[in-house]
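Undergrad: pasting the sequence and the predicted coordinates here, then a few questions.
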Amino acid sequence: MTGRRDGRPLVPAYLSTGGVARPSRSHLERLSVLTGTRTPAPAGLPAAQLALLDALDEGSLTVVEAAALLRLPVSAIRVLAADLIDRDLVLARAPIPPAGRFDPDLLKRVADGLRALKHI
Amino acid sequence: MAFAPSSTSSAPRTPTGDVHLPDTARDLVKILVAGPFGVGKTTLIDSVSEIRPLHTEEPLSEASAQVDDLAGVRDKSTTTVAVDFGRISLPGGVVLYLFGTPGQERFRALWDDIAYGALGALVLVDSRRIDASFDVLGLVEESGLPYAVAFNAFPDAPRHHTREQLRAALDLEAGTPMVTCDARDADSSVDALLALVQHLIDRNAPEDAR
């Protein structure tokens, strides 16, 4: 279940979080990686949470990818994911180690990787 | 639209239908592809992305909806803006995300959220309307993101400007890279991204190592 390809989303944004506007944990970045824990979903889990969990069945997604697939704003995915994390149904991992984005080795790997693309 | 993706000299990368992350994904980094509407942000992202083009609908604040004047979008009830993004998995476990980021002042809150943790910005400029890029350059500089400027080579772009004139018109610092690219062409777009990444490497290198 990855939302409809066309037309309006399955769950309107304003209903998707059950009226909760802020996530329960501090900060999920756009590129935080969400992974399902493969724990069976409890009965009565709201539809929007279930939809996100379903999307994670086939593999990990970043917050922004989940938002695009489920056709929900990033802010809504943050709320849904935080709830699933609290229920131990989803794990989140930061995109890169804190303060690591200007690590010379990382930048070099980005540059080398881009150069390699040109020779495919 | 005169500048739709069409035939390219280096074929666009073949996007896959599955957006789930490869198991090898380790470090996820992002670069903003910033610029005014119609400058070719989406075209550039599509030409290098490995996943089919995706976008999120981002709500705008009430205040911004009041002054909405997007060309061709006269509906005052428009309260979201589409943010395109793409992804490139690089060897070594690095996954590079490109976010097409509108550069108007009224998108500031959205801009700050997308820019959080970014390596830097590639600012796309249309040399036929340089002034359309002033807002985005202001936002980039204010956010402190390192950046490079890429002129998207529109077929009818004026060719009489010298590099010095363009640099002066944009008020660029001497160290800011300025390149020309064809956003429809994968290799050309990769070159523009490389100009930015090399700039990031150089500015982080200790003085004596340059």
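TA: Perfect, thanks for sending it.
Undergrad: A:Ala66 contacts A:Leu53, correct?
TA: No - checked against CB atoms under 8 Å, the pair A:Ala66 and A:Leu53 is beyond contact range at 10.4 Å. Where you see a C-beta, it was placed from the backbone N, CA and C, and this is true even at glycine.
Undergrad: quick one: which of these two has more around it?
TA: A:Ala66 (26 against 22; other CB atoms under 10 Å in any protein chain shown).
Undergrad: need the three-state assignment for the more buried one.
TA: Three-state assignment for A:Ala66 (DSSP: H, G, I helix; E, B strand; the rest coil): helix.
Undergrad: and whichever residue of chain A sits closest to chain B, which of the three is it?
TA: Residue nearest to chain B within chain A: A:Gly113 (2.6 Å; CB to the nearest CB). Using three-state DSSP, the structure places A:Gly113 in helix.
Undergrad: so it touches B:Leu96, yeah?
TA: Yes - if you go by CB under 8 Å, A:Gly113 and B:Leu96 touch, sitting 7.4 Å apart.
Undergrad: neighbours of the residue of chain A closest to chain B, how many?
TA: By the criterion of other CB under 10 Å, A:Gly113 has 20 neighbours.
Undergrad: OK, contacts around it?
TA: Contacts for A:Gly113 (CB atoms under 8 Å, 6 or more residues apart in numbering or on different chains) come out as B:Ile88, B:Leu90, B:Pro91, B:Gly92, B:Val94, B:Leu96.
Undergrad: how about it: what's its closest non-neighbour residue?
TA: B:Leu90 (2.6 Å; CB to CB, 6 or more residues apart in numbering or on different chains).
Undergrad: please apply the same query to B:Pro36.
TA: B:Ala132 (4.1 Å).
Undergrad: ranges for the strands of chain B?
TA: Counting by DSSP state E, the segments of chain B that form strands are B:27-35, B:54-59, B:80-89, B:94-102, B:120-125, B:147-152, B:178-181.
Undergrad: got those strands as a markdown table, with distance to chain A, mean neighbour count and mean pLDDT columns?
TA: Listed next are the strands of chain B as a markdown table, based on distance: least, CB to the nearest CB, whole Å; neighbours: other CB atoms under 10 Å in any protein chain shown; pLDDT from 0 to 100:
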| stretch | distance to chain A | mean neighbour count | mean pLDDT |
| --- | --- | --- | --- |
| strand B:27-35 | 4 | 26 | 96 |
| strand B:54-59 | 4 | 20 | 90 |
| strand B:80-89 | 6 | 21 | 92 |
| strand B:94-102 | 5 | 24 | 94 |
| strand B:120-125 | 9 | 27 | 97 |
| strand B:147-152 | 13 | 25 | 97 |
| strand B:178-181 | 13 | 18 | 96 |
